[in-house]
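A.B. asks: Build me a model from this:
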Amino acid sequence: MRFLFIVPDMVSGARRRIHEEIARRPKLADNPMLRKLIGHPRLYTHVAWGGTLNLFRHARVVQNLGAQVAMLSPTGRDTYGRAWGLYDFDYIPYSDIKPDDVTIVPDYASDLVEQIEGRIVVYQQTPLHLYRNFDYMSDRITMWTDSPFMLEKCQEVYPGKDIPIVPNVVDDEMFPFRPQSERDEGLAFAFPRKGPDYIAETRRRYRELGGRYWHFELIDGISIKALAEHFARPQVFLASADIEGCALPPQESMSAGVVVVGKNARGANFSMEHRKTAMVANTPEEAAKSLREAEDSELRESVAKNAHEWISRYFPQNEPTEFWRKNLEQFA
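C.D. replies: Numbers count the residues shown, from 1 in each chain. Modelled structure (predicted):
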């Protein structure tokens, strides 16, 4: 028995431009003629998104417990390389799936379920890809999700199915804790691809409140390894996404000792508790006020310490390992 994790292939050049255009026009993704020409559009990407990184990390936990693991991709080759690849895995094509394998299918590829033999886990990590395009009540199909927010959404789409909340895996070796006092004073990070208007308005309102301590760097388009290196610097991360899946950036910030200020993404960022593990601010007005409050070094140190303690449950050796020990027994 092997555990196979479906991941997309990384692409560049003309192939990347084609898939970026499809991403802007989602209805094209299900066009049969287009799929014959270029394959499953959602299984090609130019960035390893959070959901894929979470799959890699789960696979590593399984591997460390002694089980056989492989990554399943359209080409069956490692297209992630040194920049994007996290661990040393075997890659195989779909044709190599065996009946006794357990295949973990990401939500955006759930239309592949009926084509795959053996036992299936459909891992629902984001509300953007909740599809009833498979027999979800089948005994061979297990479903997982990643937060109370997502569980509520899943129960609406898949009534009657038992869907446990699975712990994310936060890599504390990649994002080690560093005290606020050892970070770049006044530096705040934000991801402009997530809520750029929120970021801009927060910065404007912060200045209107007389704020001068925080200066922002906008981070985009870099690999997870490069991001981890950068995260040794900021004191604050501005969480700006309206919708989150597994919400790794805030959780990685907590691991690293970076104070999270911003949106809880309608509850998806459930690790955020105001003034305890984060500064919850769902509007630019609230965010600007929280940034002024976060100028207080004692408050930042307290929040950073509490957040790191809270998120440590998701470090690989803790809840993820316990979760997989139980599942290895069940699948066996």
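A.B. asks: Other residues contacting the host helix or strand of Q330?
C.D. replies: Using DSSP states H and E, Q330 sits within helix 319-331. Contact with helix 319-331 is made by 1, 57-58, 61-62, 64-65, 67, 102, 119, 166-169, 313-314, as judged by C-beta atoms under 8 Å, 6 or more residues apart in numbering. From N, CA and C alone the C-beta is placed, and that goes for glycine too.
A.B. asks: If any of those are buried, put those into a ChimeraX selection.
C.D. replies: Typed into ChimeraX, the line below selects the buried ones among those, using 16 or more other C-beta atoms under 10 Å:
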select :57,58,61,62,67,102,119,166,167,168,169,314
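A.B. asks: quick one: least confident of the contacts of helix 319-331?
C.D. replies: Of all the contacts of helix 319-331, M1 carries the smallest pLDDT score, 91.
A.B. asks: If we ignore the residues flanking it in sequence, what's nearest that residue?
C.D. replies: Spatial nearest neighbour of M1, excluding adjacent residues (C-beta to C-beta, 6 or more residues apart in numbering): D100 at 5.2 Å.
A.B. asks: wait, what's in contact with that neighbour?
C.D. replies: Here D100 is in contact with 1-2, 118 (C-beta under 8 Å, 6+ apart).
A.B. asks: three-state assignment of it?
C.D. replies: Here D100 is recorded as coil under DSSP: H, G, I helix; E, B strand; the rest coil.
A.B. asks: ok so, going back, in strands, which of the contacts of D100 appear?
C.D. replies: Among the contacts of D100, the ones falling in strands (DSSP state E) are R2.
A.B. asks: Output the contacts of D100 as JSON lines; include the columns distance to R212.
C.D. replies: Shown next, in JSON lines, are the contacts of D100 (distance: C-beta to C-beta, whole Å):
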{"residue": "M1", "distance to R212": "59"}
{"residue": "R2", "distance to R212": "56"}
{"residue": "G118", "distance to R212": "59"}
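A.B. asks: Out of the contacts of D100, the closest to K27 would be?
C.D. replies: Ranked by distance to K27 (C-beta to C-beta), those are led by G118 at 31.2 Å.
A.B. asks: quick one, what contacts the closest one?
C.D. replies: Taking C-beta under 8 Å, 6+ apart, one finds 97-103, 140 in contact with G118.
A.B. asks: Looking at the residues you listed, which two lie furthest apart in space?
C.D. replies: K98 and R140 (14.2 Å).
A.B. asks: residue ranges with poor pLDDT in the stretch 201-332 of the chain?
C.D. replies: For the stretch 201-332 of the chain, applying pLDDT under 70 flags the ranges 267-268.
A.B. asks: show me where it has helices.
C.D. replies: With DSSP state H, counting those that start in this stretch as the criterion, the stretch 201-332 of the chain has helices at 224-230, 248-256, 284-293, 297-311, 319-331.
A.B. asks: Mean neighbour count and distance to G186 for these - can I get that in a markdown table?
C.D. replies: Shown next, in a markdown table, are the helices of the stretch 201-332 of the chain (neighbours: other C-beta atoms under 10 Å; distance: least, C-beta to C-beta, whole Å):
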| stretch | mean neighbour count | distance to G186 |
| --- | --- | --- |
| helix 224-230 | 16 | 16 |
| helix 248-256 | 26 | 16 |
| helix 284-293 | 20 | 10 |
| helix 297-311 | 18 | 11 |
| helix 319-331 | 15 | 34 |
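A.B. asks: could I get those as CSV with distance to Y87?
C.D. replies: Converted to CSV, these look like this (distance: least, C-beta to C-beta, whole Å):
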stretch, distance to Y87
helix 224-230, 12
helix 248-256, 16
helix 284-293, 35
helix 297-311, 21
helix 319-331, 14
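A.B. asks: Where neighbours are concerned, which of the contacts of G118 has the most?
C.D. replies: T103 (22 neighbours; other C-beta atoms under 10 Å).
A.B. asks: So what does that residue look like in phi/psi?
C.D. replies: For T103, the backbone dihedrals are phi -110, psi 120 (criterion: degrees, to the nearest 10).
A.B. asks: ok, so what distance separates it from T142?
C.D. replies: 11 Å (C-beta to C-beta, to the nearest Å).
A.B. asks: about what we covered before: can I get the helix holding Q330 as CSV, trimmed to CA atoms?
C.D. replies: Extracted in CSV, the C-alpha atoms of helix 319-331 (Å, rounded to 0.1, in the frame of the first residue of the first chain):
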residue,chain,number,x,y,z
GLU,A,319,-0.9,16.7,15.9
PRO,A,320,-0.1,15.8,12.2
THR,A,321,2.0,12.8,13.3
GLU,A,322,-0.7,11.6,15.7
PHE,A,323,-3.4,12.1,13.0
TRP,A,324,-1.4,10.0,10.5
ARG,A,325,-0.5,7.3,13.0
LYS,A,326,-4.3,6.7,13.5
ASN,A,327,-5.0,6.9,9.7
LEU,A,328,-2.2,4.4,8.8
GLU,A,329,-3.8,1.9,11.2
GLN,A,330,-7.3,2.5,9.7
PHE,A,331,-6.1,2.2,6.1
